[in-house]
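Q: Pasting the sequence and the predicted coordinates here, then a few questions.
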Amino acid sequence: MADTPVKIGLLVPLQSGLVVDKSISEISIYEGANIIGRNNLDVADKRVSREHVSLQTSPDGSAELLVKGSNPLVLKSRNLRKKLYTGEKVALHHGDILELIPGSHCFKYELVGSKQVPSSRTCSNFTSKGKRASMEEALPVKKHRQVDGTEAIAVALQDKHGSISLINGSSIKSDSQAELASSLNSCDGLEAIRRFHVSEDRESLIFRLMHVQGLPAWANTSSVTIKDVIQGDVLVAILSNYMVDIDWLLSACPTMKKIPHVLVLHGESGATVEHIKKNKPPNWILHKPPLPISYGTHHSKAMLLVYPKGLRVVVHTANLIFVDWNNKTQGLWMQDFPWKDHKSGMGSPFENDLVDYLNVLKWPEFSVNLPNVGDININASFFRKFDYSNAAVRLIASVPGYHVGPNLEKWGHMKLRNILGECVFDKEFHKSPLVYQFSSLGSLDEKWLSELLFSMSSGVSHDKCPLGIGKPLIIWPTVEDVRCSLEGYAAGSAIPSPQKNVEKEFLNKYWAKWKATHVGRCHAMPHIKTYARYNGQNLAWFLLTSANLSKAAWGALQKNNSQLMIRSYELGVLFLPTAIQKHGSAFSCMGNSNLKKGGRVPPPNGDDFKSKLVTLCWKGNGRTDSSTEVIQLPVPYQLPPQPYTSEDVPWSWDRRYTKKDVYAGLGNKWG
């Protein structure tokens, strides 16, 4: 029988000010090898590697620390502060303070003697190889992962002003309320989103922003929650995502518990998967799509909801976790499609793109019994049974692999190049600028950025001349944006780009500010990913997607441009100016037979409108004729973007920040 592990010490969590944080779990340290990483934390933070540091301890309590993760950490020892990088070793002493990420996840090393660990916990923390072995230890209560941003601000205010309450409109002291209101309303501006209302029969032509807790009511005009999406008599649900918090999902959307068949396509691994398996309803199936190339992820964020009347397709930008659906700027598009009837024609481009993408996921088929259909296998081909002829968007997907021949232009940025190349745009977009906006920056080089720019500049004008290469700008939060956000520096964990990627000199000419005054989201950090070509407030096209700015997401050309290598799964929807049918796009899976119509008078020469894509800040001035349907998209940032000044510093999550954020006190400037 193996000896009982000897408990040497603890890593005690600290708040700012080096006060013990009793709301976060301590980490036990045992004699011998200990591995500390992401699974030890009570909050999700991808900056922390699964094997972030190792601690080799001796019976006398002495310990040697080795940095194993890709991001640096900070050790405070005897009034000295030192940043340590991958592969560096250092002695760890009683009372030393460890910052797993500089400025974040602070722990104090404390010796507790040679007290024996009770036998019931013999293998609950680390095995001899340092791996997690117990779900109870590996997955502490997830409430810390689900902290409401507004509630967090209330906690900060409480520290400063005494006892207050800021949950669901409860009363707070007047001085605190004034500070909070001033902070949240500091980006009132035009409040353009206040006027953003779309009739139900036109909702598929636009995307919507997700509801953000703690914002003024006007800022959440026409926003959506998860309950607005997953509703009604759902027979089969396929949920595609990267991160999945099953505890939050089931509590936030109780309808999920009633759906007879649920397939979850995810990108999780390790202890999180085990937790999902343990806590999922028995009718749920989990599947992680194959990742044939290293460093890839299943990153697509979508839902396929089968109803008795048809199919709802949802493409969005949020992980299935609390903070993504409540504290971030996110986008979501959805459209309902009816079952095909005997009059339905050949498959549409949307149908072919969807089924091709689903085929690659290779999920285990399962059989269901559907009303008026009978027993049927749910596989990729099943989704050809719906009529997508009125699809309002095109799908742009990425799948991992080395794509050649006819598949070269089927995925990633080459798919976007192919579709845009077939489109005709107004002359005003000749050499017009582009904008890239996302939440994670890969390791880029100028050659690849030129490759991507060539794809995003595709298309011709009405005289058949190419639109030409446009100048791109990258919208990226500054350090001040993150510090002054609803979540403070914690928001930076969802903007996971290290200094080595962000602080490349050639990127300086691309940086532009995150300014979201018109939608009230200056302080709701962006997890949304969008790409667009524009001229003023007019949009040539607009892409809402899961794809960040990286080769892994978009693909990189190889072998003299004959091969496209992609590492990850991504999915997005492309909005294009096109003919919009007056009839037929009001179908609803919910059985709403009398959808509110937009009230537009049909053009005299047919049943179609020509669409014109614009932002919420567009000023019409009567410049469109009766045959033009103006589609306003809630682009959440200012166009044209405002370039960085010399004082602006792009956010990177492994840089040391000493200026207090909103958690440390609201007396600081909010930005």
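A: Looks like it came in fine. These figures come from a predicted structure and were not determined experimentally.
Q: Walking through the stretch 151-300 of the chain, point out its helices one by one.
A: In the stretch 151-300 of the chain, the segments counted as helices under DSSP state H, counting those that start in this stretch are 174-184, 226-229, 246-252, 271-279.
Q: Quick one: list the elements packing against the last one.
A: I take that to be helix 271-279. Helices and strands touching helix 271-279, as assessed by 3 or more C-beta pairs under 8 Å, 6 or more residues apart in numbering; DSSP states H and E, comprise helix 135-138, helix 246-252, strand 284-287. Placement of C-beta: from N, CA and C, glycine included.
Q: Each with direction, which strands does the last one pair with?
A: So that's strand 284-287. Next to strand 284-287 in the sheet, as set by DSSP bridges, lie strand 261-265 (parallel).
Q: Residues in contact with the partner strand: which ones?
A: Residues outside strand 261-265 that contact it (C-beta atoms under 8 Å, 6 or more residues apart in numbering): 235-241, 244, 256, 276, 280-281, 283-289, 298, 300, 361, 363, 366, 368, 378.
Q: what about that strand, distance to the chain center?
A: 20 Å (C-alpha atoms, centre = their mean, to the nearest Å).
Q: That one to helix 271-279, inter-axis angle?
A: 170 degrees (axes from the mean of the first three to the mean of the last three C-alpha atoms, to 10 degrees).
Q: Report the buried residues of the helix or strand containing Lys447.
A: Using DSSP states H and E, Lys447 maps to helix 446-456. For helix 446-456, a neighbour-count test (16 or more other C-beta atoms under 10 Å) marks Trp448, Leu449, Glu451, Leu452, Leu453, Ser455, Met456 as buried.
Q: So, low pLDDT: which residues of the stretch 151-300 of the chain?
A: 151-190 (pLDDT under 70).
Q: ok, now the chain?
A: 1-4, 16-17, 78-79, 113-190, 344-345, 579-585, 592-609, 621-626, 664-671.
Q: Which parts of it are helices?
A: For the chain, the helices defined by DSSP state H occupy 135-138, 149-161, 174-184, 226-229, 246-252, 271-279, 322-326, 349-361, 412-421, 446-456, 479-483, 499-502, 551-554.
Q: how about the closest residue in space to Ser458 that isn't next to it in sequence, what does it touch?
A: In space, and not counting its chain neighbours, Ser458 is closest to Leu420: 3.8 Å by C-beta to C-beta, 6 or more residues apart in numbering. Taking C-beta under 8 Å, 6+ apart, we find Leu420 in contact with Ser455, Met456, Ser458, Gly459, Trp541.
Q: Next: Val573.
A: The contact partners of Val573, taken as C-beta under 8 Å, 6+ apart, are Phe207, Val315, Trp333, Val393, Arg394, Leu395, Ile396, Leu543, Leu544, Thr545.
Q: give me the beta-bridge partners of it?
A: Listed by DSSP bridges, the beta-bridge partners for Val573 are Leu395, Leu544.
Q: distance of it from Asn560?
A: Going from Val573 to Asn560 by C-beta to C-beta, to the nearest Å gives 32 Å.
Q: ok, now Lys513?
A: 39 Å.
Q: how many neighbours does Val373 have?
A: 14 (other C-beta atoms under 10 Å).
Q: Phi first, then psi, for it.
A: With angles defined as degrees, to the nearest 10, Val373 sits at phi -120, psi -40.
Q: What residues does the residue nearest to Val74 when sequence neighbours are not counted make contact with?
A: Nearest non-adjacent residue to Val74, counting by C-beta to C-beta, 6+ apart: Glu99, 4.0 Å away. Neighbour list for Glu99: Leu73, Val74, Leu75, Lys76, His105, Cys106 [criterion: C-beta under 8 Å, 6+ apart].
Q: what number of residues lie near the closest residue to Lys610 other than its chain neighbours?
A: Counting by C-beta to C-beta, 6+ apart, Lys610 lies nearest to Thr628, which is 5.3 Å off, once chain neighbours are set aside. Residues within reach of Thr628, counting by other C-beta under 10 Å, total 15.
Q: Adjust the sequence numbering to begin at 514 for everything that follows.
A: I'll keep to 514 as the first residue from here, and by that count the last item is Thr1141.
Q: isn't Thr1141 right up against Leu1126?
A: No - if you go by C-beta atoms under 8 Å, Thr1141 and Leu1126 don't touch, sitting 11.1 Å apart.
Q: Specify the stretch among the helices of the chain that is closest to Pro572.
A: Among the helices of the chain, helix 648-651 comes nearest to Pro572, with 22.8 Å by C-beta to C-beta.
Q: if we can go back for a sec, got JSON lines for the helices and strands packed on helix 784-792, with mean neighbour count and distance to Ser807 too?
A: Putting the helices and strands packed on helix 784-792 into JSON lines (neighbours: other C-beta atoms under 10 Å; distance: least, C-beta to C-beta, whole Å) gives the following:
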{"stretch": "helix 648-651", "mean neighbour count": "15", "distance to Ser807": "24"}
{"stretch": "helix 759-765", "mean neighbour count": "19", "distance to Ser807": "27"}
{"stretch": "strand 797-800", "mean neighbour count": "17", "distance to Ser807": "20"}
